[in-house]
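Trainee: below: sequence and its predicted model.
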Amino acid sequence: MSTRKLISFCIPVFNESGNVERLIARLQDVSESLSERYDFEFLFTDNCSEDDTVDKLKAAARTEPRIRIIRLSRNFGFQRSILTNYLNARGDALIQLDADLQDPPELAGDFLALWERGYKVVYGIRRKRLESGLMTRFRKAGYALIRQLSDEPIPLDAGDFRLIDRVIVEALQEYNDYAPYLRGAIATLGYPQTGIEYDRARREAGNSNFGITAMIRLGMDGLFSTSMVPLRLATWVGIAALAVSVLAIPVYAIARYTDPTFPTGLASVYVLILLSMGVNALLLGVFGEYIGRIFRNTRGGPITIIQERFEAAPVQAGPVKADPVKADPMDAATLEPGQPPRATLSPGEG
């Protein structure tokens, strides 16, 4: 039995047919270069891809037994797909990267060297990105805003390309958020953490599935998941509005008393009413974001549902833990010892 530590490469995928074969080849090269010290598994979580991504992964798994595939029943979103991947990984340490090869798998050796020195989280810091200057500035502004408003420090210019230790995974098993922001959640756990700068490459093939709308939604999740500042801001806005109103009453009375020609038109009243309505609507929206998250988290139910597993080693079908990641009755525990990888279905927990 091998005494080498097991490292899990964790890769969420959605419509990445043009990239998965090149990605697997590079993962194999990296794992070969580190094979004297570590064993590896390649765990893919498919967010119900609409192309032949899963077919290509299954074809590769027939000759590469380290590949494990988890297919979700629908697209649950990028962050929940990552969390599902973490909770199903078996490694002593997990390295997460995107399937588009913008994050270099070859940096795994540097990540592992820092992990061996005692760091429980090692994240990639994006020094340069091959994208438009406007998009880069937009991202940096978003990272800076979330960091500034967060209750805990969140690394700047760091995405989801990271290594995490098994202790982080165990802590995340207690994480029950239906709009998770894992960058913030991991940052708030403590433990020794450090970063490595790298230049992010251009996407190898296909188009990004993470557009500006998804980016804004992720930013809102990051803000409302890690910070109470918006709620405190609502309080301070209310206090400021009340103070201005109290001060305006004597000012207006004195102005009317000392100058009978002081304007009495309705225009100023309308402006103040509209301004008050706008501020109230904004603050109600902030409250609604927090209340909506409370509702989703207290309502319960699975964070994701696993439709199918395809892997060489036998696994137990069913939930990974009580609520967050649930397998449906078609969840597959696969393969008898000695057989080539294939997906065969067996009853799971209903």
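Mentor: Perfect, thanks for sending it. Numbering: from 1, shown residues only.

Trainee: all helices for the stretch 1-150 of the chain, in order.
Mentor: 20-33, 53-61, 78-88, 108-116, 133-149 (DSSP state H, counting those that start in this stretch).

Trainee: average model confidence for the longest one?
Mentor: On average, the pLDDT along helix 133-149 is 64.

Trainee: what ranges does this structure have for its strands?
Mentor: Per DSSP state E, the chain carries strands over the ranges 5-13, 38-46, 67-72, 93-96, 121-129, 158-165, 193-200, 304-311, 325-327.

Trainee: alpha carbons of the second one, as CSV, please.
Mentor: Extracted in CSV, the C-alpha atoms of strand 38-46 (Å, rounded to 0.1, in the frame of the first residue of the first chain):
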residue,chain,number,x,y,z
TYR,A,38,2.5,12.0,-4.2
ASP,A,39,-0.4,10.0,-5.6
PHE,A,40,-3.0,11.9,-7.5
GLU,A,41,-6.7,11.8,-8.4
PHE,A,42,-8.4,14.0,-11.0
LEU,A,43,-11.9,14.9,-9.8
PHE,A,44,-14.3,16.6,-12.2
THR,A,45,-17.7,18.0,-11.2
ASP,A,46,-19.8,18.6,-14.3
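
Trainee: make 51 the starting number, not 1.
Mentor: Sure thing, new numbering starts at 51, so read that last one as strand 88-96.

Trainee: quickly run through the sheet partners of it, with directions.
Mentor: With DSSP bridges as the test, strand 88-96 is paired with strand 55-63 (parallel), strand 117-122 (parallel).

Trainee: wait, which of those is closest to V70?
Mentor: strand 55-63 (6.6 Å; C-beta to C-beta). For glycine as for every other residue, the C-beta is placed from the backbone atoms N, C-alpha and C.

Trainee: ok, back up a step: what's the closest of the strands of the chain to Y225?
Mentor: The nearest among those, by C-beta to C-beta, is strand 375-377 at 11.2 Å.

Trainee: possible to save the helices of the stretch 51-200 of the chain as TSV with mean neighbour count and distance to L56?
Mentor: Below are these laid out as TSV (neighbours: other C-beta atoms under 10 Å; distance: least, C-beta to C-beta, whole Å):
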stretch	mean neighbour count	distance to L56
helix 70-83	17	11
helix 103-111	20	18
helix 128-138	23	13
helix 158-166	18	12
helix 183-199	14	32
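
Trainee: so which of those helices is nearest I356?
Mentor: Of those, the one closest to I356 (C-beta to C-beta) turns out to be helix 128-138, at 7.3 Å.

Trainee: quick one: mean pLDDT for the closest one?
Mentor: Computed over helix 128-138, the average pLDDT equals 87.

Trainee: go on, stretch 226-241?
Mentor: Averaged over stretch 226-241, pLDDT sits at 77.

Trainee: could I have it exported to PDB, CA atoms only?
Mentor: This file holds the C-alpha atoms of stretch 226-241, laid out as PDB (Å, rounded to 0.1, in the frame of the first residue of the first chain):
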ATOM      1  CA  ASN A 226     -24.300  25.500   5.000                       C
ATOM      2  CA  ASP A 227     -24.800  28.400   2.600                       C
ATOM      3  CA  TYR A 228     -26.900  28.200  -0.600                       C
ATOM      4  CA  ALA A 229     -25.100  31.200  -2.100                       C
ATOM      5  CA  PRO A 230     -21.500  30.300  -1.100                       C
ATOM      6  CA  TYR A 231     -18.600  32.600  -1.600                       C
ATOM      7  CA  LEU A 232     -15.700  30.200  -1.000                       C
ATOM      8  CA  ARG A 233     -12.900  32.700  -1.400                       C
ATOM      9  CA  GLY A 234     -14.400  34.600   1.600                       C
ATOM     10  CA  ALA A 235     -15.400  31.500   3.500                       C
ATOM     11  CA  ILE A 236     -11.900  30.000   3.300                       C
ATOM     12  CA  ALA A 237     -10.200  33.300   4.100                       C
ATOM     13  CA  THR A 238     -12.300  33.600   7.300                       C
ATOM     14  CA  LEU A 239     -11.300  30.100   8.600                       C
ATOM     15  CA  GLY A 240      -7.900  31.200   9.700                       C
ATOM     16  CA  TYR A 241      -4.900  28.800   9.500                       C
END
